[in-house]
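Novice: next input, structure requested:
(2 chains)
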Amino acid sequence: MLIRKKTIKMTTKKNVKDNIELYIMLAPVLVLIFIFSYIPLFGIVIAFQEYIPGLPFFGEGVNWVGIKHFKAFIDSFYFIRILKNTLVLNLLNLVMGFWVPIFFALLLNEMRTVKLRKFIQTVSYMPYFISAVVVAGMVLSFISDDGIVIKLTSILGFSLRSVNTKAEAFPFIYAITNVWKNFGWSSILYLSTISSIDPTLYEVAEIDGAHRLQKVWYITIPFMVPLIIIQLIFAIGSILHANAEMILLLYNPSIYSSADVIGTYVYREGLLGVRYSYGTAVGLLLSVMSFTLVYTANRTSRKFADFSLW
Amino acid sequence: MSYKTANKNTGYDVIVAVLCLTIAVITIYPMWYVLILSISNPNAVARGEVWILPKGFYFDSYKIIFDDFRMWRGLRNSVFYTVTGTVLMLITSSLAAYPLTRPNLKGRTAVVIFLLIPMYISGGLIPTFLVISKLGLYNTVWALIIPGCYGIWNIILCRTFFMTISQELWESASIDGANNYQIFLQIYIPLSKPVLAVIAIYTVVAIWNSWFASMVYQPNEVLHPVQMYLQRVLISQTLKLDAMKDLPLDQETRKWLLRKALTAKQLKYSIIIFVTLPIIMVYPMFQKHFVKGVMLGSLKG
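Specialist: Down below sits the predicted model:
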């Protein structure tokens, strides 16, 4: 945080009045943050209790049970399944999606017709703003038996049926949906990096007789490498973070075996199943694991790319 | 890029253009497909003849949507949630950001740490749910408005922008006898339209598209935003029809079901278009601000 120390001579009286005004302005937001961000944070303690709805998080009548819920979760087959699903979904997402915005940004940059370039850029951001409900609705309808995906693949000679009840298909559906929705938006950062490259570099390369592809390879890509590394480190760091809202919309009981992730499990088992303490424990365990990963990613990034989130 | 190259690589340009256009088509085709199916003759749709251009015109499914009061109710609720939530977000973001730019604020470091902690750890779904229920917000409109009416990231964004406003301006206003409230309202807010626009647009899109909070906190259908209406029509019903398909049914029932499924499908496509079109239409106008937001966000606070 940048703190500008301006030495303004002020009488103490004015300073006090000033501070009262400033705290009056801050107060409403600080109270809101305390209620809706901090009290739930204290509420995590119910993971170590047998929480009875309606009681306060601390105090009389609280039944502490230690790590009972954590043990129950780790011993259940859900632990491995959820971990496996989250990893598979995110790895597939990474393999299918990580390179797309980079490739797209390079491609757009090579486009010389400015109008067409602007148009394609605008189009590519659009899916990012379409609501998850609409996107999931479209996907489900496309992969239903009379949907366009099934019709197209049958022309190509595949006979797929009831794709949305096949567990092995779900990771692909999820990854493709995510790539379609996010690639354009993710390309913005890469495009801005490219546009910050000094044009004289290209001019010099041209005088040296470089082909356009050579300019991309020897100038543009090396400039993008630091950003690519940072993005990759953070993608790996958030590998335990699946888009549970999208999965909740896309999945159904017959594909839980490949689609169930932490967010969906906590929602189903903890909230709908009214197992508040257990659900909180499950959420907490995975948050801790995920936080450790993000933290490690940040450290790695700081070490190798000289960039960190905090 | 504006640099002109002397050597013309037309073949290269063609490949680039083809690849770019392919990506554009892949991006746009799903939406286009939904649009043409929603307005084509249902029989042509059923026979699988509609691929690139609409066949025949049929607007009955749109008529059904227009007559559905639940959709209008959802839209009305969504407008209410979006407008209230966005106004509150702008107020909280700027109000909290201003004091943090004052050099003589006592305990600023403590306030900043207080703001930063929730950005990295949160109580999670269930503790938050318990707090919101305990406060009596469960199953009210406020469950969607109050807990989401502040954004710590937006406060930081606002503060970063406020820091660029010159100190001399503050000092001269102060010498003229203005207090902090006046300086905030009459100098900082008017000068901060660009950052407020960015926050407003992001908030509008986020609230308009959100559905999960409503699913968790609002069992009462009357309070649902339009995305929940969509969720019910697009997702829950698809599953029900798919489940029925595998039941042992006689030929007649099967046919009836199929017909019903077809109309239902076209209805869904029409609803998608109806709800998404407004966003797509205003979107090019806002695009500039969205991109600016990404840039602001990538700066270190």
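Novice: now residue A:49: phi and psi?
Specialist: The phi/psi pair for residue A:49 (degrees, to the nearest 10) reads phi -120, psi 170.
Novice: surely it touches residue A:58?
Specialist: No - between residue A:49 and residue A:58 there is no contact under CB atoms under 8 Å: 9.4 Å. Using the backbone N, CA and C atoms, a C-beta is placed for each residue, glycine as well.
Novice: low-confidence ranges, the stretch 1-150 of chain A, go.
Specialist: A:1-11 (pLDDT under 70).
Novice: re the thing from before, who has more neighbours, residue A:49 and residue A:58?
Specialist: Using other CB atoms under 10 Å in any protein chain shown, the more surrounded residue of residue A:49 and residue A:58 is residue A:49, with 21 against 11.
Novice: list the contacts of the residue of the stretch 101-250 of chain A at minimum distance from chain B.
Specialist: At 3.1 Å from chain B, residue A:137 is the closest residue in the stretch 101-250 of chain A, using CB to the nearest CB. Neighbouring residues of residue A:137 by CB atoms under 8 Å, 6 or more residues apart in numbering or on different chains: A:249, B:230, B:234-235, B:238, B:268, B:272.
Novice: try it again at 7 Å.
Specialist: By CB atoms under 7 Å, 6 or more residues apart in numbering or on different chains, the residues touching residue A:137 are B:230, B:234-235, B:268, B:272.
Novice: now narrow those to whatever sits close to chain A.
Specialist: B:230, B:234-235, B:268, B:272 (CB under 7 Å from any CB of the partner chain).
Novice: and the two most separated of the residues you listed?
Specialist: Maximum pairwise distance in the ones next to chain A among the contacts of residue A:137, criterion CB to CB, is 11.8 Å, between B:235 and B:272.
Novice: of these two, who's got more company?
Specialist: Set side by side, residue B:235 and residue B:272 show more neighbours around residue B:272, with 26 against 20, by other CB under 10 Å.
Novice: spit out the contact partners of the more buried one.
Specialist: Neighbouring residues of residue B:272 by CB under 7 Å, 6+ apart: A:134, A:137-138, B:34.
Novice: quick check on these: which are buried?
Specialist: Buried members of the contacts of residue B:272, scored by 16 or more other CB atoms under 10 Å in any protein chain shown, are A:134, A:137-138, B:34.
Novice: turn the residues you listed into TSV, including distance to residue B:71 and secondary structure.
Specialist: Shown next, in TSV, are the buried ones among the contacts of residue B:272 (distance: CB to CB, whole Å; DSSP: H, G, I helix; E, B strand; the rest coil):
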residue	distance to residue B:71	secondary structure
A:134	14	helix
A:137	14	helix
A:138	18	helix
B:34	17	helix
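Novice: can you tell me which of those is nearest residue A:67?
Specialist: With CB to CB as the yardstick, the closest approach to residue A:67 among those comes from residue A:137, at 41.1 Å.
Novice: separation between that closest one and residue B:290?
Specialist: Separation of residue A:137 from residue B:290 (CB to CB, to the nearest Å): 23 Å.
Novice: roughly how far does residue B:176 sit from residue B:165?
Specialist: Remark: distance between residue B:176 and residue B:165 (CB to CB) = 16 Å.
Novice: actually residue B:37, not the one I typed
Specialist: With distances taken as CB to CB, residue B:37 is found 52 Å from residue B:165.
Novice: more neighbours: which of the two?
Specialist: residue B:37 (25 against 15).
Novice: check contacts around residue A:15.
Specialist: residue B:104.
Novice: that's a helix at it, yeah?
Specialist: Yes - with DSSP: H, G, I helix; E, B strand; the rest coil as the criterion, residue A:15 is part of a helix.
Novice: ok, residue B:218 - how many residues close by?
Specialist: The burial count for residue B:218: 20, using other CB under 10 Å.
Novice: where does the stretch 151-300 of chain A dip in pLDDT?
Specialist: Within the stretch 151-300 of chain A, no range satisfies pLDDT under 70.
Novice: one more time with 80
Specialist: A:159-161 (pLDDT under 80).
Novice: next: chain B.
Specialist: Using pLDDT under 80, chain B drops low at B:1-9, B:42-43, B:46-48, B:236-265, B:278-279, B:281-301.
Novice: per the record, what domains does it have?
Specialist: Domain assignment for chain B by automatic domain parsing gives B:1-58, B:60-301.
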